[in-house]
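Colleague: Here's a sequence, model it:
(one chain, ligands or ions: 2)
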Amino acid sequence: MSKVKSSETVKVVIRCRPLNRKEEAAAAGVTRTPGGVGGIVEMDMRLGQVVLWNPHGPPGEPRKTFTFDSVYDPSSKQRDLYDETVRPLIDSVLDGFNGTIFAYGQTGTGKTYTMQGVWLEPERRGVIPNAFEHVFTQISRSSADRQYLVRASYLEIYREEIRDLLDPNMHAPHVPNVHTHTHHTLELRESPESGVYVRDLTSCVCKSVKEIQELMNLGNQVRSVGATDMNEHSSRSHTLFLITVECSLPGPDGRQHIRVGRLNLVDLAGSERQAKTGVHGERLKEAAKINLSLSALGNVISALADGRSGHVPYRDSKLTRLLQDSLGGNAKTVMVATLGPAPQHYEETLTTLRYANRAKNIQNQPRVNEDPKDALLREFQKEIAWLRAQLSHREGRGKHRKEEGEEGWDGEGDEEVEKERTLQEGRLEEEKEAIREDGSLLAEEKQRLLGEKERMMGDLKKEWDATEQLTAKYKAMESKLLVGGKNIMDHTNEQQKTLEIRRQEIAEQSRREREIQQQVMVQDEETLELKETFSSLQQEVEAKTKKLKKLYAKLQCVKAEIQDVNDEHVRSRQELEQTQNQLTRELKFKFLIIENFIPLEEKNKIMNRLTFDPEEDQWKFTPLVPAERSGQFSQMKKRPASAVGYKRPISQYARVSLAMGAHSRYRAENIMFLELDMTHPTTVSLDHRPSEVGPNYSPYPTDNVPHRERAARVRMSRSWCQTPRAITSSTSTVSLATHSTATPTAAQ
Ligand code: ADP
Ligand code: MG
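Modeller: Ligands and ions are numbered 1, 2, ... in the order given. You can find the predicted model right below:
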């Protein structure tokens with residue numbers, strides 16, 4: 001099995017949604033729109049080109065043309081995109097490659113439509129449901145010597161926090177209308193084996209399309225429950241559905257090998273600029289965080305596409321770290337950039353196209369992940385083998401009826417097991433009966449033998465129960481593994497398969513055609529000059545003028561492009577400066593407080609204990625006592641030993657005097673208990689009649705008010721040193737030793 005190791009670019013496709021009703025109504029009056037009715041986007045599906053027309057520009061302004069791997073115009077179907085672009089990727093995942101599909105674009109341009117679509121209508125199902133179907137169908141069609149294990153995880157990144165959408169704690173039954181879900185945020189980790197991963201992320205084994213769909217629904221419910229404003233939330237959070245397919249198959253060396261393919265299905269947050277105007281303090285930080293992942297993604301793409309800069313800022317955000325392998329690493333990646341055709345979104349559409357255009361140049365190095373150490377399938381197989389061995393061992397012990405030559409436990413039917421059980425129980429019962437009937441035995445002897453039989457029956461029962469448990473476990477484990485070669489060969493299935501293959505061939509064909517067309521176009525431009533021979537000077541002038549004009553137009557395009565990019569650069573710089581100014585102001589405020597209100601000594605102590613944790617991008621307190629050693633010995637200073645058993649240290653002299661006979665001088669100075677007195681409060685309802693108010697009027701009826709004893713409130717103290725209390729193990733040590741993770745705002 002050769003490991004395929006080659007380089008390929010990120011595939012970028014563009015999809016344009018139809019105008020919606022509102023946009024159509026708005027466009028009704030406009031006449032000069034080349035991109036269909038009212039649209040500013042023109043698409044050539046055959047060539048893979050997008051032409052963008054500037055609705056605000058002067059009439060003669062050249063249009064902007066971009067070329068991509070493929071483009072899908074508003075009339076395109078979900079199936080078209082899937083068959084042509086996604087299907088090959090999913091097939092690669094089943095072969096053990098990593099694959100990623102992410103949808104990028106402004107809010108409302110069809111990212112979620114493309115990724116999820118309308119679940120209930122087969123025609124309008126998006127990439128995710130189709131991929132589910134695809135994965136499980138392919139597994140059922142694969143050869144019988146393959147075993148599969150499919151797992152799924154679902155997470156969301158919102159404000160730079162990773163939330164597990166399948167966390168079982170989230171799905172615990174809860175009181176409706178009380179959304180007290182506290183989202184547990186997860187951390188990212190990196191291992192040389194599996195790259196960047198999310199620690200403690202729930203991952204569920206799925207056995208069918210239905211199961212994996214249910215998982216997705218479950219996750220979506222948590223999303224909508226957790227968010228106060230779902231629309232806002234969904235346009236600002238990134239969701240990632242991760243499917244891991246492990247496949248064990250026999251290699252040429254006769255041994256079983258495991259291949260692991262990971263598929264990331266990513267629906268990104270809306271790419272539009274978040275307006276930051278009028279945002280202060282906490283809100284500002286929040287706003288900055290919302291788009292951090294997307295701007296970091298842009299920087300990563302730029303750095304990778306540029307190819308010159310050595311440093312790729314993956315670590316700048318959670319999203320880019322999670323997609324590290326998908327961008328410039330070990331994965332096959334498809335980016336679907338979505339557009340809206342309406343004139344009012346010209347700027348955003350252009351930005352999306354530029355972004356997508358840059359991503360085309362990213363080189364990935366996908367390879368088959370073979371026999372990774374952390375394959376779960378391997379563990380499952382081991383566990384199953386162990387259970388099987390246990391069961392066959394028990395079987396060997398429990399009964400001897402099996403013929404020789406049959407070895408191992410074969411997962412026989414339940415009825416047979418049950419029959420065997422009743423048979424053995426019956427035999428014991430018979431033996432007991434025989435003992436009872438036997439007149440030659442003494443009563444005592446009888447009792448003993450019967451007891452023995454009882455015990456045997458008890459043992460037998462235990463044994464059977466244990467076997468039953470093992471069998472159940474074995475079956476549960478085995479049912480999780482999917483074996484190829486099942487449920488094929490019925491006629492419709494066969495036809496469907498042929499149909500799919502045909503469709504795939506057609507998609508492949510059109511893709512190749514497009515590639516060739518694109519190449520021809522490029523070559524044409526280059527070789528035009530070489531091929532031309534001119535019969536007359538006049539002709540030559542004409543041809544060259546034509547060419548000049550063409551090149552001039554091109555030059556204008558490039559110039560406009562440079563101007564645009566410059567403008568954008570200036571704009572984003574201004575925005576950044578503004579943000580920076582506000583943050584600086586905030587920092588100054590914090591400094592002012594620290595410098596003026598926190599004692600220097602305390603400040604130094606705090607500063608000395610702070611360390612920066614780059615994993616979590618946070619400042620943390622180092623514990624006073626290293627956590628792992630605090631159990632063995634403590635580096636904490638102990639309280640002076642002189643105070644053992646007393647509230648405070650007392651001198652040797654005082655102690656001796658005390659022992660000699662309590663001299664009043666050495667008795668405690670605290671002669672009062674100042675604890676709260678627990679007598680009942682006296683409450684009386686006021687019956688306040690003004691006419692009765694005389695000089696000696698008191699609102700309280702004087703006769704039945706219980707007067708509190710003065711002595712009850714101030715009780716004489718026992719001397720503190722007469723009853724030494726046992727010292728509780730110093731609580732302060734414990735609380736100080738616990739690892740504090742509080743983030744001091746001052747340090748930020
Ligand atoms: P996003 O996730 O990018 O914010 P949505 O997927 O929610 O956008 O799409 C916004 C609206 O546009 C939805 O009502 C969706 O049904 C519709 N829509 C998007 N793309 C298409 C398409 N290709 N064909 C038909 N309707 C679409
Ligand atoms: Mg969406």
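
Colleague: buried residues in the strand or helix carrying residue 428?
Modeller: Counting by DSSP states H and E, the secondary-structure element that holds residue 428 is helix 414-437. Neighbour counts over helix 414-437 (16 or more other Cβ atoms under 10 Å) mark 420, 421, 424, 431, 432, 435 as buried. C-beta here means a position set from N, CA and C on the backbone, and glycine is covered the same way.

Colleague: Hmm, residue 453 and the last one touching each other?
Modeller: By that I understand residue 435. Yes - the pair residue 435 / residue 453 is scored as a contact, 7.0 Å apart, by Cβ atoms under 8 Å.

Colleague: what about the residue of the stretch 401-550 of the chain found nearest ligand 1, distance to ligand 2?
Modeller: Evaluated by Cβ to the nearest ligand atom, the stretch 401-550 of the chain has residue 507 as its residue closest to ligand 1, separated by 18.1 Å. When Cβ to the ion, to the nearest Å is applied, the distance between residue 507 and ligand 2 equals 26 Å.

Colleague: ok, that residue - contacts?
Modeller: Contacts of residue 507 were listed using Cβ atoms under 8 Å, 6 or more residues apart in numbering, and they are 83, 84, 87.

Colleague: thinking again about what came up before, can you sort out which of the buried residues of helix 414-437 also neighbour ligand 1?
Modeller: Checking the buried residues of helix 414-437 against ligand 1 by Cβ under 6 Å from any ligand atom, not one of them is in range.

Colleague: okay, the residues you listed in JSON lines with distance to ligand 2 and pLDDT next?
Modeller: Formatted as JSON lines, these follow (distance: Cβ to the ion, whole Å; pLDDT from 0 to 100):
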{"residue": "420", "distance to ligand 2": "58", "pLDDT": "75"}
{"residue": "421", "distance to ligand 2": "57", "pLDDT": "75"}
{"residue": "424", "distance to ligand 2": "63", "pLDDT": "80"}
{"residue": "431", "distance to ligand 2": "73", "pLDDT": "82"}
{"residue": "432", "distance to ligand 2": "72", "pLDDT": "80"}
{"residue": "435", "distance to ligand 2": "77", "pLDDT": "79"}
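
Colleague: and residue 321, that one's in a helix?
Modeller: Yes - Residue 321 forms part of a helix when assessed by DSSP: H, G, I helix; E, B strand; the rest coil.

Colleague: partner strands of the helix or strand harbouring residue 333, parallel or antiparallel?
Modeller: Residue 333 is part of strand 332-339 when elements are defined by DSSP H and E. Taking DSSP bridges as the criterion, strand 332-339 forms sheet pairs with strand 11-16 (parallel), strand 99-105 (parallel).

Colleague: For residue 77, find the nearest of these.
Modeller: Each of the strands paired with strand 332-339 has some distance to residue 77 by Cβ to Cβ; the shortest is strand 11-16, at 11.0 Å.

Colleague: In this structure, what residue lies closest to ligand 2?
Modeller: In the chain, the residue that lies nearest ligand 2 is residue 112 (3.3 Å; Cβ to the ion).

Colleague: Moving C-terminal from the strand holding residue 333, which element do we reach first?
Modeller: Following the chain from strand 332-339 toward its C-terminal end, the next helix or strand by DSSP H and E is helix 346-359.

Colleague: Does that following helix reach ligand 1?
Modeller: No - for helix 346-359 and ligand 1, the contact criterion (Cβ under 6 Å from any ligand atom) is not met; the two come no nearer than 10.8 Å.

Colleague: For that helix, C-alpha coordinates in CSV please.
Modeller: Provided in CSV are the C-alpha atoms of helix 346-359 (Å, rounded to 0.1, in the frame of the first residue of the first chain):
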residue,chain,number,x,y,z
TYR,A,346,-21.0,44.9,-4.6
GLU,A,347,-18.2,45.7,-2.2
GLU,A,348,-18.7,42.5,-0.1
THR,A,349,-19.0,40.4,-3.3
LEU,A,350,-15.8,41.8,-4.6
THR,A,351,-14.0,41.1,-1.3
THR,A,352,-15.3,37.6,-1.3
LEU,A,353,-14.1,37.0,-4.9
ARG,A,354,-10.7,38.4,-4.0
TYR,A,355,-10.5,36.3,-0.9
ALA,A,356,-11.4,33.2,-2.9
ASN,A,357,-9.0,34.1,-5.7
ARG,A,358,-6.1,34.2,-3.2
ALA,A,359,-7.1,30.8,-1.7
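
Colleague: where's the next helix or strand after it relative to the chain centroid, distance-wise?
Modeller: Taking DSSP H and E as the definition, the helix or strand that follows helix 346-359 towards the C-terminus is strand 363-364. In terms of Cα atoms, centre = their mean, to the nearest Å, the gap separating the centre of strand 363-364 from the centre of its chain is 24 Å.

Colleague: Residues contacting strand 363-364, please?
Modeller: With contacts defined as Cβ under 8 Å, 6+ apart, strand 363-364 is touched by 7-10, 304, 307, 326-333.

Colleague: Direction included, what does that strand pair against?
Modeller: Strand 363-364 sits in its sheet next to strand 8-9 (antiparallel), going by DSSP bridges.

Colleague: near ligand 2 at all, the strand holding residue 333?
Modeller: No - where contact is defined by Cβ under 5 Å from the ion, no part of strand 332-339 touches ligand 2; the two come within 9.5 Å at best.

Colleague: Spell out which parts of the stretch 101-250 of the chain neighbour ligand 1.
Modeller: Among all residues of the stretch 101-250 of the chain, those adjacent to ligand 1 (criterion: Cβ under 6 Å from any ligand atom) are 105, 107, 108, 109, 110, 111, 112, 113, 235.

Colleague: Export the residues you listed as CSV, with columns for distance to residue 466.
Modeller: Listed next are those as CSV, based on distance: Cβ to Cβ, whole Å:
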residue, distance to residue 466
105, 58
107, 58
108, 60
109, 60
110, 57
111, 53
112, 51
113, 54
235, 55
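
Colleague: Which of those fall in helices?
Modeller: Judged by DSSP state H, helices contain the following of these: 111, 112, 113, 235.

Colleague: got CSV for the residues you listed, with pLDDT too?
Modeller: Rendered in CSV, the data for those read as follows (pLDDT from 0 to 100):
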residue, pLDDT
111, 93
112, 92
113, 93
235, 78
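
Colleague: If you rank these by neighbours, which is first?
Modeller: The member of those that has the most neighbours, counting by other Cβ atoms under 10 Å, is residue 111 with 28 neighbours.
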